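Colleague: fold the following for me, if possible:
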Amino acid sequence: MGPQEHAFRSGVDVIVGTPGRLLDHFRSAYAKLGGLQYLVLDEADRMLDMGFLPDIRRVLRHIPRARQTLFFSATIPPPIADLSREMLKNPATINIERRSAPAVGITHAAYPVPQHLKPPLLARLLKNGEMHDALVFTRTKHRANRLASISASRTSTSSAFTATARSRSGPRRSPGSRAENTASSSPPISPRVASM
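Modeller: I've put the predicted structure just below:
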C-alpha cells in the first residue's frame, strides 16, 4: 500500500480503486477525501452481484455528501434502483441501448433427453427437416467437435467453432491497464491518477 499511501498524501486528481481497498486506507489518518467532487460507480450491477454493496455504503460515509455521483450499469436491478434513489438527487437516466425485442421467425424447443441420446436426436431433427439451420452450444470443445462430425455424416454441412482458453479470454492486459475514452470541450489536461 506504499505507493497508494503516497498518492493520498501527495494528492491526485483521480483515484481508481475497489471499495475494499479504499476502506483499508480509510483506517489511516492520511486517507482523507474531503475535496472529492465526483464519485463514479462503474459496473454497479456487477459490484452488487459480487457482494460489494455493504462496502460501498461504508465508503460513502468517508466522502462528502455534496458531490456529483455517476452510476454506470448494464442493467438496473431493483437493489441498484434503490441505491440510486438513496444516493442520487434528481438523477437523469441515459440509456444508450435500445430495448431488446424477441427475434421474429425463431422458434425454441426443449428436448429433455439423456446425454447419450442427444447426438442421435439432433441428427434425426436435422434429417427429418424439422430444423433447417441450427446453432448448437456445447459445454466442451471435445463435444463440439464430436457433434459436428456426427452431424456432418448425416447432413450436407456442419462446422465446429471452438477456441483455446487464451483466445476466449481476449488479449492479456496488465492489472489496471484499462483504457477509457473521454471527450471534453476544455483543453486537454493530464490528471494525476492513482490505482488502488
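Colleague: hmm, which helix or strand of the chain has the shakiest average pLDDT?
Modeller: helix 165-169 (a mean of 43; mean pLDDT, DSSP states H and E).
Colleague: tell me the contacts of the closest residue to P19 other than its chain neighbours?
Modeller: Closest residue in space to P19, ignoring its immediate chain neighbours: D55 at 3.6 Å, by C-beta to C-beta, 6 or more residues apart in numbering. To be clear about C-beta, it is placed using only N, CA and C from the backbone, and glycine gets the same treatment. D55 makes contacts with 19-20, 23, as judged by C-beta atoms under 8 Å, 6 or more residues apart in numbering.
Colleague: could I have the buried ones of those residues as PyMOL selection syntax?
Modeller: Listed next is the PyMOL selection for buried residues among those, using 16 or more other C-beta atoms under 10 Å:
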select buried, resi 19+23
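Colleague: so the residue sitting furthest away from the middle of the chain versus H108, what's the distance?
Modeller: Within the chain, the residue lying farthest from the chain centre (C-alpha atoms, centre = their mean) is N128, at 40.8 Å. N128 sits 18 Å away from H108, taking C-beta to C-beta, to the nearest Å as the criterion.
Colleague: same check, this time on L122
Modeller: Computed as C-beta to C-beta, the L122 to H108 distance reads 15 Å.
Colleague: more crowded one of the two?
Modeller: L122 (20 against 6; other C-beta atoms under 10 Å).
Colleague: just the pLDDT for that one.
Modeller: pLDDT, L122: 79.
Colleague: check which helix or strand it maps to.
Modeller: helix 118-127 (DSSP states H and E).
Colleague: now do the buried residues in that helix.
Modeller: By neighbour count on 16+ other C-beta under 10 Å, the buried set for helix 118-127 is 118-119, 122-123, 126.
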